[in-house]
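Student: Show me how the following folds:
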Amino acid sequence: MTLLRVENASVRFGGVVAVDDVSLDMDEDRFLGFIGPNGAGKTTLMRVITGVLRPWRGRVIFRGEEVTRWPVDRRIRFGLALAQQIVRPLASMSLTDNVAIAAGVHRTASPLAALLGSGRGAERGKAKELLEFVGIGDAADARPGELPLGYLKRLEVARALALEPKLLLLDEPLAGLNQAEARVMADLIASLVGNGRSVLLIEHNIREVARICPELYVQDNGRGLVRGPAAEVMASPEFRRAYLGEQAA
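Tutor: As a prediction, the model looks like this:
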């Protein structure tokens, strides 16, 4: 069943076309790596999917509903979550409370009220489980400012999972990590796919993307170039032109 469909989306910033007539779809329980050089329009398309940006043309369909004009919070409640490249946790709260706020989003219109209300134990319990799942349960009571980047990246994933998404969008979760950290984080990401959850991964670490993603989509200059099994995409002339500058024969 088709979970997400982007149809002929275009985004302009003044006279610059950041996304140019892009169509993209994903089925349930799928894992798609979304790659492309800097300036390819990857993050712009991600923002169209999440509702941060409204396309100049085209539409977004999620779980059978057109959501093109839906605000971000409504899309989140409908099963969409984003873990961002730049992690911005609530610095004054523990990791547990950072995740618990996200866990309360489906119970009340005010996640903070869910944390402070009589049912806060349920949200905190779920938060601790998620922190253990992503491998940072030992820091559940710490504040974000006390922890290294690798922990904060995992915190961002835990917060996104607390929203119980049908589609999890990950924007460069490996950025800033060393090779060993990136490999462990990539393995965690791969484990998130299935049981009603799909993952769309934007990432510049091609080695790890090719290792964990069964399918790749390449975009350059705001346009889709090629999509298919990872090995085939990596060997394609479209990929080689985009990343290596090779000219068509």
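Student: next structured bit after the least confident helix or strand in the chain by mean pLDDT?
Tutor: Ranked by mean pLDDT, DSSP states H and E, the weakest helix or strand in the chain is helix 111-116, scoring a mean of 54. Tracing the chain past helix 111-116, the next element assigned as helix or strand by DSSP states H and E is helix 120-133.
Student: residues of that following helix that come out buried?
Tutor: R120, E123, R124, K126, A127, K128, L130, L131, F133 (16 or more other Cβ atoms under 10 Å). (C-beta placed from N, C-alpha, C; glycine too.)
Student: and what of stretch 233-249?
Tutor: Buried positions in stretch 233-249, judged by neighbour count with 16+ other Cβ under 10 Å: V233, M234, S236, F239, R241, A242.
Student: For that stretch, which outside residues touch it?
Tutor: Residues external to stretch 233-249 that are found in contact with it (Cβ atoms under 8 Å, 6 or more residues apart in numbering): 36-37, 40, 206, 210, 216-218, 220, 225-228.
Student: Regarding D97, which helix or strand does it belong to?
Tutor: Taking DSSP H and E as the definition, D97 sits inside helix 95-103.
Student: helices or strands next to that helix in the packing?
Tutor: Applying 3 or more Cβ pairs under 8 Å, 6 or more residues apart in numbering; DSSP states H and E, we find helix 95-103 packed against helix 111-116, helix 120-133, helix 149-162.
Student: and the angle from that helix to helix 149-162?
Tutor: 30 degrees (axes from the mean of the first three to the mean of the last three Cα atoms, to 10 degrees).
Student: surely A103 meets A127?
Tutor: Yes: the pair A103 / A127 is scored as a contact, 5.7 Å apart, by Cβ atoms under 8 Å.
Student: which neighbours do the two share?
Tutor: Joint contacts of A103 and A127 (Cβ under 8 Å, 6+ apart) are A162.
Student: what about the protein, any weak spots by pLDDT?
Tutor: Per-residue confidence for the chain (pLDDT under 70) gives these ranges: 106-120, 246-249.
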